[in-house]
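Asks: Sequence first, predicted coordinates after that:
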Amino acid sequence: MNGMTYTYTGGPNNTNINISLTYAYRPMPKSQFYYEARPGQLFYLAEFLTPTSYPVIQIAKEIPGQTLETVGPAIWSRVMSKIKYVLDREQFNADEWFMFPFELLKSMKGDCEDSANLAASLLIACGVTDAAVVYGTVVVDEGVYKHAWVEVGDTLIEATLPRWDPKRRPPYYQPEWKVAWGFSYQVGMPKGYKFGVDMSVFGFAFGMNSNENEKPQKTGVPKLDPEALKRLHEKLEKEAT
């Protein structure tokens with residue numbers, strides 16, 4: 001519960017009138033999608049986008065410009081090119097463990113969604129406010145892997161790539177969910193990630209109660225292992241030449 005007192009001067013003899021207002025504010029998540037992002041722990045997907053966190057803002061302050069073309073290369077040169085790709089099983093002994101951007105900035109090692117959330121947070125903090133994390137699948141050779149990357153409008157940015165290489169989304173990237181700072185929506189048939197949907201975050205639930213909202217599920221689709229990621233990077237490199 002929060003309160004505020006307003007003072008109004010007026011009326012007979014310019015007397016002061018104090019008006020006290022008490023109001024309640026309940027912050028709502030910016031995404032209706034949620035997931036077991038750590039063992040036994042559910043999170044809204046937008047919780048991992050943190051453009052207003054202190055370490056993210058400190059980096060953004062040192063990067064001039066506000067457009068994708070100006071801030072993107074600097075973000076990659078300063079931060080993203082130095083992150084080592086490590087699977088959650090190796091780092092946390094868990095199949096899934098989303099890291100917050102400040103945690104990745106400290107350890108400088110994580111997997112695809114960790115890099116995507118950090119890159120998008122830095123872009124948003126630098127003024128590219130329509131940057132979004134996209135969850136879906138990617139096809140490498142004959143294998144299908146769940147994956148996360150960044151998109152700004154029609155531009156795809158592979159967050160695990162050590163060099164800055166924005167491009168139109170290749171057909172072997174299959175988007176399923178888009179999570180941005182202030183909005184999120186489903187963009188394709190879920191195969192890699194099946195997130196829960198909590199419509200009550202909007203204050204209504206389309207006739208559903210909370211127990212009837214969709215729950216997150218495991219898909220069995222693997223993440224990119226380091227060898228598959230290497231082949232994906234090689235494929236992107238060939239297309240760039």
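Replies: Noted; the coordinates are in hand. This structure is a prediction, so every number in the text was calculated from the model and none was measured.
Asks: Run a quick neighbour tally on the nearest residue to Glu96 once chain neighbours are set aside.
Replies: Counting by C-beta to C-beta, 6 or more residues apart in numbering, Asp88 is the residue found nearest to Glu96 once chain neighbours are left out, at 5.9 Å. Glycine gets a C-beta too; all of them are placed from N, C-alpha and C. Neighbours of Asp88 under the rule other C-beta atoms under 10 Å: 20.
Asks: isn't Asp88 right next to Cys112, touching?
Replies: No: the pair Asp88 / Cys112 is not scored as a contact, 10.3 Å apart, by C-beta atoms under 8 Å.
Asks: Overlap in contacts, these two.
Replies: Here Asp88 and Cys112 share the contacting residues Lys223, scored by C-beta atoms under 8 Å, 6 or more residues apart in numbering.
Asks: rewinding a little: quick one: the residue nearest to Glu96 from Glu113, how far?
Replies: 9 Å (C-beta to C-beta, to the nearest Å).
Asks: pLDDT below threshold where in the chain?
Replies: 1-30, 201-213, 241 (pLDDT under 70).
Asks: And the helices in it?
Replies: 54-61, 68-78, 88-92, 101-107, 112-125, 226-240 (DSSP state H).
Asks: Tell me which of those approaches Lys215 most closely.
Replies: Nearest to Lys215, of all the helices of the chain, is helix 112-125, at 19.6 Å by C-beta to C-beta.
Asks: on contacts alone, who are the packing partners of the closest one?
Replies: helix 54-61, helix 68-78, helix 101-107, strand 131-140, strand 143-152 (3 or more C-beta pairs under 8 Å, 6 or more residues apart in numbering; DSSP states H and E).
Asks: Show residues contacting the longest one.
Replies: Put plainly, it is helix 68-78. Residues contacting helix 68-78 (C-beta under 8 Å, 6+ apart): 59, 62-65, 119, 122-123, 126-128, 131, 152, 155, 157, 162-164, 166.
Asks: Just the CA atoms of it, as PDB, please.
Replies: Extracted C-alpha coordinates of helix 68-78, given in PDB (Å, rounded to 0.1, in the frame of the first residue of the first chain):
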ATOM      1  CA  LEU A  68      20.800  -1.300 -34.200                       C
ATOM      2  CA  GLU A  69      23.500  -0.400 -36.700                       C
ATOM      3  CA  THR A  70      25.500   1.700 -34.300                       C
ATOM      4  CA  VAL A  71      25.100  -0.100 -31.000                       C
ATOM      5  CA  GLY A  72      25.000  -3.700 -32.200                       C
ATOM      6  CA  PRO A  73      28.700  -4.000 -33.300                       C
ATOM      7  CA  ALA A  74      29.800  -2.300 -30.000                       C
ATOM      8  CA  ILE A  75      27.800  -4.700 -27.900                       C
ATOM      9  CA  TRP A  76      29.300  -7.700 -29.700                       C
ATOM     10  CA  SER A  77      32.900  -6.300 -29.500                       C
ATOM     11  CA  ARG A  78      32.600  -5.400 -25.800                       C
END
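Asks: In that helix, which residues are buried?
Replies: Residues Leu68, Val71, Gly72, Ala74, Ile75, Trp76 are the ones in helix 68-78 that count as buried (16 or more other C-beta atoms under 10 Å).
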